[in-house]
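# sequence and computational prediction follow.
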Amino acid sequence: MTHFVVSALYHFVNLPDYKDLQPKFYEFLTRHGIHGTLLLAKEGINGTVAGTAEAITALHEFLRSDPRLANLITKESTADEMPFHRTKVRLKKEIVTMGVEDIDPRHIVGSYVKPQDWNDLIADPDVIVVDTRNDYEVGIGTFQRALNPDTKTFREFPAYVDQKLNDHKGKKVAMFCTGGIRCEKSTAYLKQQGFDEVYHLEGGILKYLEEIPQEESLWEGECFVFDSRVSVKHNLEQGSYDQCYACRMPITKAEMQDLRYQQGVSCPHCYDSHDDSQKRRHLERERQVTLARKKGVSHIGGDVADVIKMRRADKKLRKEQQREIDAKS
């Protein structure tokens, strides 16, 4: 069986020519059969991609051949199946979107804590432990004692700090995220707001789960990842969650037995939030995916004819929905 290497990577560095890098990077990814997404911005590079071990090694060497990316941070895990269907290199304003200007982790950032030292830090009752991820990620796993900001997106994190953490400026604050990149900005933001002792888990949860034995771990649950594996456990083994492809929420096997679950259409989390026309669109999309699989082709980003069919069906359903609205008005 072919195993794929999944590489999460990032680096904050000044890339004024990032738009010029897009076609070069895309050509390299496609030529080496690498799928996933790279984000490029003036402030650096971020992304998660997957390919054969040889392809990922070649990618790292290619990226680091640019002196500005020589210190690129990467974290590798494996997957039995290709976890991405598309290859994308996207241009962004930020490589991790906080929406706050003048936050530069190259100049100010929290203190890095190795996974081997993390338990001692967060076991201290005087340390404020903060999970910087979004609510659906926190919902399937987090560290003991960690505060949940209850954010839907990372853009909401500064408001959480202003409303909930400002009273703790005199205390140590320990922060963590999936692979480390969100903490680069979140700790930089706290330092900018006047917090003196700010720490974050080096390499993120993924590095911790890889290096810390389960019997010594203070992690509870599984870690959400942004690919088809959905979640990983200790030793970065694939987790037990699936995903609702209507709302993208991680779901358990029990939730998949719920009457409100229909593959690709709805789940207990989103059943009441989608109207009938949306559910019809989701159902048609799932039908096209199933047809593509039977033909042995990749539906998403793969077989052009199938994608066109899906878009036409989606457009048709939107027109039907508009006619229903017009008829009622």
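Right, received. Where do you want to start?
# okay, which residue is most central for this structure?
Compute the mean C-alpha point of the chain, and by C-alpha atoms, centre = their mean the closest residue is F226, 4.0 Å away.
# how near is that one to Y18?
21 Å (C-beta to C-beta, to the nearest Å). (Each C-beta comes from the backbone N, C-alpha and C, glycine too.)
# mind checking how far the nearest residue to L283 once chain neighbours are set aside is from I56?
In space, and not counting its chain neighbours, L283 is closest to V265: 5.1 Å by C-beta to C-beta, 6 or more residues apart in numbering. Going from V265 to I56 by C-beta to C-beta gives 35 Å.
# quick check: which element contains the residue nearest to the centre of the chain?
For F226, there is no helix or strand it lies in under DSSP states H and E.
# backbone phi and psi for it, please?
F226 adopts backbone torsions of phi -90, psi 60, taken as degrees, to the nearest 10.
# residues near the nearest residue to A58 once chain neighbours are set aside, how many?
Distances taken as C-beta to C-beta, 6+ apart place H32 nearest to A58, at 5.9 Å, with adjacent residues excluded. H32 sits with 18 neighbouring residues when counted by other C-beta atoms under 10 Å.
# again, but for P105
P105: 20 neighbours (other C-beta under 10 Å).
# can you pull the contacts of the residue lying closest to it once chain neighbours are set aside?
In this structure, P105 finds its nearest non-sequential neighbour in E184, 4.0 Å apart by C-beta to C-beta, 6+ apart. By C-beta atoms under 8 Å, 6 or more residues apart in numbering, the contact set of E184 is 10, 12, 96, 105, 109, 200.
# let's see it at 10 Å
Residues in contact with E184 (C-beta atoms under 10 Å, 6 or more residues apart in numbering) are 10-12, 44, 46, 73, 95-96, 103-106, 109-110, 112, 177, 200.
# so it is in which element?
helix 181-192.
# could you point out which element follows that helix?
Per DSSP H and E, the helix or strand that comes after helix 181-192 is strand 198-201.
# adjacent strands (with direction) for that following strand?
Sheet partners assigned to strand 198-201 using DSSP bridges are listed as strand 111-113 (parallel), strand 173-176 (parallel).
# domain parsing of this protein, as residue ranges.
4-91, 111-221, 275-328 (automatic domain parsing).
# name the SS class of T37, please.
strand (DSSP: H, G, I helix; E, B strand; the rest coil).
# how far away is it from L259?
Distance from T37 to L259, by C-beta to C-beta: 35 Å.
# kindly report the same for G194.
To L259, G194 is 51 Å away according to C-beta to C-beta.
# can you check S277 too?
According to C-beta to C-beta, S277 stands 21 Å off from L259.
# now do K172
Taking C-beta to C-beta, one finds K172 at 47 Å from L259.
# likewise for R281?
21 Å.
# of the two, give the one with the bigger neighbour count.
Comparing R281 with L259 by other C-beta under 10 Å, the one with more neighbours is R281, at 22 against 7.
# the strand or helix carrying the more buried one - what's its average pLDDT?
Assigned by DSSP H and E, R281 belongs to helix 276-294. Averaging pLDDT along helix 276-294 gives 76.
# buried ones in it, by neighbour count?
Across helix 276-294, burial judged by 16 or more other C-beta atoms under 10 Å covers 278-286, 288-289, 292.
# closest to T87 among these?
Nearest to T87 among the buried residues of helix 276-294: A292, at 17.3 Å, using C-beta to C-beta.
# can you give me how far stretch 42-59 is from the chain middle?
15 Å (C-alpha atoms, centre = their mean, to the nearest Å).
# list the buried residues for it?
Of the residues in stretch 42-59, 42-52, 55-56, 58-59 count as buried by neighbour count, 16+ other C-beta under 10 Å.
# P250 versus the closest residue to M249 other than its chain neighbours, what's the distance?
Closest residue to M249 apart from its sequence neighbours, by C-beta to C-beta, 6+ apart: H269 at 4.4 Å. Counting by C-beta to C-beta, the gap from H269 to P250 is 9 Å.
# settle it for me: which of those two has more neighbours?
Per other C-beta under 10 Å, whichever of H269 and P250 has more neighbours is P250, with 23 against 20.
# where exactly do the helices run in the chain?
Assigned by DSSP state H, the chain shows helices spanning 18-31, 53-64, 115-123, 135-138, 157-160, 181-192, 204-211, 253-256, 276-294, 304-328.
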